[in-house]
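[1] This is the structure alone, sequence omitted:
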């Protein structure tokens, strides 16, 4: 397989891993075709493959849609390492129960080695039952643990939880 094709397949598979890893995200999305659009694409090859998408990146797969200014995907050998989206990142996806998830941040980092997603900078995560906002939100895929805030005291975490019996709440 030509190196260029291998690099493209690598980039697509890494983004697919990110897309399918969000908690309770619609499972059927992973079985849908993935579309990626950007104004520019550059991918190198070698021991470590780095693929850069820039100039308004849009990734769609099923109900998942990620928009950002840029994305960088890194793989070493046959193992994916990381996917980083930067510049006004928005993520929209329908959960398995049909409710929408909307997230915004300055950056989204997915470390595949540690199975951790980190949203940083003006983070807001919105679902029907409430919102979570702060400067940093970390989601540990292995444990399902969500962590937000700063151990150094910078920034605040804000949550709003809507009662179940409120009109319009699920």
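    Okay, I see it. None of the values given here were measured: they were computed from a predicted structure. Numbers count the residues shown, from 1 in each chain.

[2] Distance of the residue nearest to residue 145 when sequence neighbours are not counted relative to residue 120?
    Once flanking residues are discounted, residue 145 sits nearest to residue 139: 7.6 Å by CB to CB, 6 or more residues apart in numbering. All C-beta atoms are positioned from the backbone trio N, CA, C, and that covers glycine. Separation of residue 139 from residue 120 (CB to CB, to the nearest Å): 12 Å.

[3] And those two? Which one has more around it.
    More crowded of residue 139 and residue 120, by other CB atoms under 10 Å: residue 139, with 20 against 17.

[4] Give me the nearest residue to residue 62, chain neighbours excluded.
    residue 29 (3.2 Å).

[5] pretty sure the one you found belongs to a helix, no?
    Yes: the assignment for residue 29 (DSSP: H, G, I helix; E, B strand; the rest coil) places it in a helix.

[6] Looking at stretch 59-72 now, give me its mean pLDDT.
    Regarding stretch 59-72, the rounded mean pLDDT is 90.

[7] Same check on stretch 85-93?
    92.

[8] dump the residue contacts of residue 124.
    102-105, 131-133 (CB atoms under 8 Å, 6 or more residues apart in numbering).

[9] Apply 6 Å and report the result again.
    With contact taken as CB atoms under 6 Å, 6 or more residues apart in numbering, residue 124 is in contact with 104, 133.

[10] Report the beta-bridge partners for it.
    In this entry, residue 124 is beta-bridged to residue 104, residue 133, by DSSP bridges.

[11] quick one: it and residue 157, what's the gap?
    12 Å.

[12] host element of residue 70?
    Assessed by DSSP states H and E, residue 70 sits inside strand 64-76.

[13] Equivalent analysis for residue 91, please.
    strand 79-94.

[14] Pull the distance from that strand to the chain's centre.
    3 Å (CA atoms, centre = their mean, to the nearest Å).

[15] From residue 133, how far off is residue 97?
    22 Å.

[16] More neighbours: these two, which one.
    residue 133 (19 against 9).

[17] Distance check, that one against residue 105.
    In terms of CB to CB, residue 133 sits 10 Å off from residue 105.

[18] ok so, going back, which neighbours in the sheet does the strand holding residue 70 have, and how are they oriented?
    strand 48-61 (antiparallel), strand 79-94 (antiparallel).

[19] List the buried residues for the last one?
    Along strand 79-94, the positions that meet the burial threshold by neighbour count (16 or more other CB atoms under 10 Å) are 80-86, 88-94.
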